[in-house]
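Undergrad: Fold the following, please.
(2 chains)
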Amino acid sequence: MARLRVNGVEEEITAGTVAELLAACGVDPASRFLAVAVNGTVVRRSEWPSRPLLPGDNVEIVRPFSGG
Amino acid sequence: MTDPLIIAGTTLSSRLFVGTAGYPNQQILLDCLEASGAEIVTVSIRRISLEGYAESLVDLLGGRYRLLPNTAGCATVRDAVLTAELAREALETDWVKLELIGDRETLYPDVEQLVRAAEELVGSGFTVLPYCNEDPVTCQKLADVGCAAVMPLGSLIGSGMGIANPAAIELICSRSSVPVVLDAGIGTASDAALAMELGCDAVLANTAIAKSHDPLRMAAAIRAGVEGGRLARLAGRIPKRRFAEPSSPQLGLVGS
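TA: Numbers count the residues shown, from 1 in each chain, chains lettered A, B, ... in the order given. Reported below is the predicted structural model:
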């Protein structure tokens, strides 16, 4: 279990990589239009399976919504 | 008659950009976009819900429109730049409508941070279209740091107050080295027409359409306003006069 900050919420999650975190959050990593940043830096989709997550990491998982 | 708008080397046949927020439902949004003739539609970038993940309306728009992500709500250079970078990753576009808000109540841009963020994003290869004050100096600075267009506000976002300072918008248009897209404040078709008559290259509308009584009709009306205003601008309006000038011949009057 690692304590991560995911979209602004502190969570205890078993996830060693970005891809595992997405799966743990119920997000299909193959979904289009997703983007992820860890500690303020975008992690490219191709790096999701390999990018390790460490306790205390701050993760943003975003997608497009309606907007003006 | 072809009259394309060119932004950063991309040729656009529509001079109306449309936002995607606040429509009564998804079908009305889709119908409005169709009726508007828009090629560029704006979207926001937001955190996904961790409670449940569902396809969003953007999935429906992706193939049909050029999606222009915004950085709406960002109040710091860091947040705006990260949002733009996330948008580039999510949507595979270098284009970004840069918003950097200095005041939550009025949603006025924070000019000082806006210019810095624009410069940073241009340096990172983005095509930056900044939402900005209706101020020729700010617009010039944004063009100078490499923005592909400027998007001065007509009046406050969502206010429907139209173009509060037409003289300033006209001045910006007469001086700008990059396309001018009137953003924010459009309330109805005549506002869009006025923007184009003043020399704007395009108009962005969202709330005016989405919150109107009949969004589909308003989308068509604002489209017509943009097209009419553009034609009028190209045609060149007559000068204003203080007194009447008869349009009918003065010779051959009956009874004289």
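Undergrad: Let me know whether residue B:209 touches residue B:220 as I believe.
TA: No. Using Cβ atoms under 8 Å, residue B:209 makes no contact with residue B:220, being 9.5 Å away. In short, each C-beta sits where N, CA and C put it, glycine included.
Undergrad: residue ranges for the strands of the stretch 101-250 of chain B, please.
TA: Ranges of strands in the stretch 101-250 of chain B, per DSSP state E, counting those that start in this stretch, are B:127-132, B:151-152, B:181-183, B:202-205.
Undergrad: circling back: of residue B:209 and residue B:220, who's got more company?
TA: residue B:209 (31 against 18; other Cβ atoms under 10 Å in any protein chain shown).
Undergrad: neighbours of residue B:7, just the number please.
TA: Applying other Cβ under 10 Å, I find that residue B:7 has 18 neighbouring residues.
Undergrad: How much space separates it from chain A?
TA: 18 Å (Cβ to the nearest Cβ, to the nearest Å).
Undergrad: got a list of what that residue touches?
TA: Residue B:7 makes contact with B:127, B:129, B:148, B:149, B:179, according to Cβ atoms under 8 Å, 6 or more residues apart in numbering or on different chains.
Undergrad: so how far is chain A from the nearest residue to the third one once chain neighbours are set aside?
TA: This points to residue B:148. Excluding the flanking residues, the one nearest residue B:148 by Cβ to Cβ, 6 or more residues apart in numbering or on different chains is residue B:8, at 3.9 Å. Separation of residue B:8 from chain A (Cβ to the nearest Cβ): 20 Å.
Undergrad: same thing with residue B:110?
TA: 18 Å.
Undergrad: Likewise for residue B:104?
TA: Taken as Cβ to the nearest Cβ, the span from residue B:104 to chain A is 16 Å.
Undergrad: Contact residues of chain B facing chain A?
TA: B:19-23, B:29, B:42-48, B:50, B:52-53, B:56-59, B:62, B:67, B:69-70, B:72, B:78, B:82-83, B:85-91, B:157-158, B:204, B:206-207 (Cβ under 8 Å from any Cβ of the partner chain).
Undergrad: picking up where we left off before, out of the strands of the stretch 101-250 of chain B, nearest to residue B:98?
TA: strand B:127-132 (4.3 Å; Cβ to Cβ).
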